[in-house]
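Participant: Pasting the sequence and the predicted coordinates here, then a few questions.
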Amino acid sequence: MTELSVVVPVYGCAACVEALHARIRAALDPLQRDYEIVLVDDRSPDASWPALVALADTDPRVKAVRLSRNFGQQAAITAGLSRARGRWVAVLDCDLQDPPELIPELYRMATEGGYDLVLAKRSSRRRSPIRRALTSAYVCLRNAIAGSTLDTDYATLSILSRKVVDAFLAVRDQDRHYMLILDWLGFRRTAIEFAQQPRHAGKSAYTPAGLLRLAMAGFFFQTTNLLNLIVYAGFALAAAGAMLAGFFLYSYFTEHPLPGFTSVIVALLFVGGFLAIALGVTGLYVGKIFTQVKNRPLFVIDETRERSG
């Protein structure tokens, strides 16, 4: 078994691949431990795959894996973990905003401190004020509903022991979120802080629609607490409706009836809107049940490339 594996999902990073490879090697060579670099091409639309093949043909430490289509970052991470052979496995984004030079520090903390999992947390992030505000609001809601304590300052950069990797791969959720699964798994963990660096080249592969899908996966499909909240809200509305009905009956029999048209319309709109939301959320869960029970593979590997020896 290799001592250390580095898993990197690659999408839209053709301009970063060579620098990424050089910086990983420069960081890990002084450790004097055997290691491998698993680069997973999530069917990138640019020339990432030829660049990965070139690295795999020249460096026996590199294993290039290409998925059959774009499955998304979370599935690409899972694919890389399934191909990693290390006793310890580091996970890293390809854009170099999270520096590979931190991997030796993560490895040292894990092995010397007896941790199964070491995370990296950004002390500062390059985001607009509007996006920071929206992200903070989303995290507060998600953590309140899902019972999580994670925030978005945690980077993908992390190191996992072999038993954490095996436990992660045993989770077969179709809607995957790397950090939320790690949080659910538990294990003994710690974290280090670092300053996020500028992107080496290009721009984020996440579109607003992609960020929304990832947010919904974290918000809705990690727990059923939201369904419980809808039930509680339904009981609260029923109780409020009963009290309102009693108030209108009292007003009627005391010969002081209130004009009812506006109040009835408002009540109908409010209850109708709540029912539409409740049915929509329930429909989302039913749709995810349908997706999960089909039990399709989380990813499909098209080809791999590595040089023996």
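Facilitator: Sure, I can see it. If you're wondering where the values come from, they're calculated on a predicted model, not measured in any experiment.
Participant: Please enumerate the strands of the protein.
Facilitator: Using DSSP state E, the strands of the chain run over residues 4-10, 35-41, 62-67, 88-91, 117-124, 154-161, 189-195, 301-306.
Participant: Take the ones you listed and lay them out in TSV including mean neighbour count.
Facilitator: From N, CA and C alone the C-beta is placed, and that goes for glycine too. Converted to TSV, the strands of the chain look like this (neighbours: other C-beta atoms under 10 Å):
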stretch	mean neighbour count
strand 4-10	27
strand 35-41	26
strand 62-67	24
strand 88-91	26
strand 117-124	19
strand 154-161	24
strand 189-195	14
strand 301-306	14
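Participant: so how far is Asp42 from Thr78?
Facilitator: According to C-beta to C-beta, to the nearest Å, Thr78 and Asp42 sit 11 Å apart.
Participant: For the two, indicate the residue with more neighbours.
Facilitator: Neighbour totals were compared for Thr78 and Asp42, and Asp42 leads with 27 against 24 (other C-beta atoms under 10 Å).
Participant: Show the contacting residues for that one.
Facilitator: Residues in contact with Asp42, defined by C-beta atoms under 8 Å, 6 or more residues apart in numbering, are 9-11, 67, 70-73, 75-76.
Participant: Please repeat the previous calculation with a cut-off of 10 Å.
Facilitator: If a contact means C-beta atoms under 10 Å, 6 or more residues apart in numbering, then Asp42 has 9-13, 48, 65-67, 69-77, 79-80, 94, 205, 299 as its contacts.
Participant: Of those residues, which count as buried by neighbour count?
Facilitator: Neighbour counting by 16 or more other C-beta atoms under 10 Å classes 9-13, 48, 65-67, 71-77, 79-80, 94, 205, 299 among the contacts of Asp42 as buried.
Participant: could you list every residue that touches Thr58?
Facilitator: 21, 307.
Participant: brain fart, Thr78
Facilitator: Taking C-beta under 10 Å, 6+ apart, we find Thr78 in contact with 7, 9, 40, 71-72, 168-169, 171-173, 176, 178, 181, 298-299.
Participant: roughly how far apart are it and Phe168?
Facilitator: The value you get for Thr78 to Phe168, if C-beta to C-beta is used, is 8 Å.
Participant: Overlap of the contact sets of those two?
Facilitator: Counting by C-beta under 10 Å, 6+ apart, the shared contacts of Thr78 and Phe168 are 176, 178, 181.
Participant: Going by distance to Thr156, which of those residues wins?
Facilitator: Checking the shared contacts of Thr78 and Phe168 against Thr156 with C-beta to C-beta, the nearest one is Tyr178 at 6.4 Å.
Participant: so the closest one sits right up against Trp184, yeah?
Facilitator: No. Using C-beta atoms under 10 Å, Tyr178 makes no contact with Trp184, being 11.1 Å away.
Participant: Report the set of residues contacting both of those two.
Facilitator: Contact criterion C-beta under 10 Å, 6+ apart; residues shared by Tyr178 and Trp184: Phe168.
Participant: Contacts only, for the spatially closest residue to Glu303 that is not a sequence neighbour.
Facilitator: Residue nearest to Glu303 in three dimensions, not counting chain neighbours: Arg66, with 5.2 Å by C-beta to C-beta, 6 or more residues apart in numbering. Arg66 sits next to 10, 39-44, 48-49, 52-53, 79, 301-305 when contact means C-beta under 10 Å, 6+ apart.
Participant: give me that answer again for 8 Å
Facilitator: Shown in contact with Arg66 (C-beta under 8 Å, 6+ apart): 40-41, 43, 49, 52, 301-305.
Participant: want to throw these into CSV with distance to Arg23 and pLDDT?
Facilitator: Shown next, in CSV, are the contacts of Arg66 (distance: C-beta to C-beta, whole Å; pLDDT from 0 to 100):
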residue, distance to Arg23, pLDDT
Val40, 18, 93
Asp41, 19, 92
Arg43, 24, 89
Trp49, 20, 90
Leu52, 16, 92
Ile301, 26, 90
Asp302, 27, 88
Glu303, 26, 88
Thr304, 23, 88
Arg305, 21, 87
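Participant: Arrange the residues you listed in a markdown table, one row each, with distance to Val164 as further columns.
Facilitator: Listed next are these as a markdown table, based on distance: C-beta to C-beta, whole Å:
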| residue | distance to Val164 |
| --- | --- |
| Val40 | 19 |
| Asp41 | 25 |
| Arg43 | 27 |
| Trp49 | 29 |
| Leu52 | 26 |
| Ile301 | 22 |
| Asp302 | 27 |
| Glu303 | 28 |
| Thr304 | 24 |
| Arg305 | 27 |
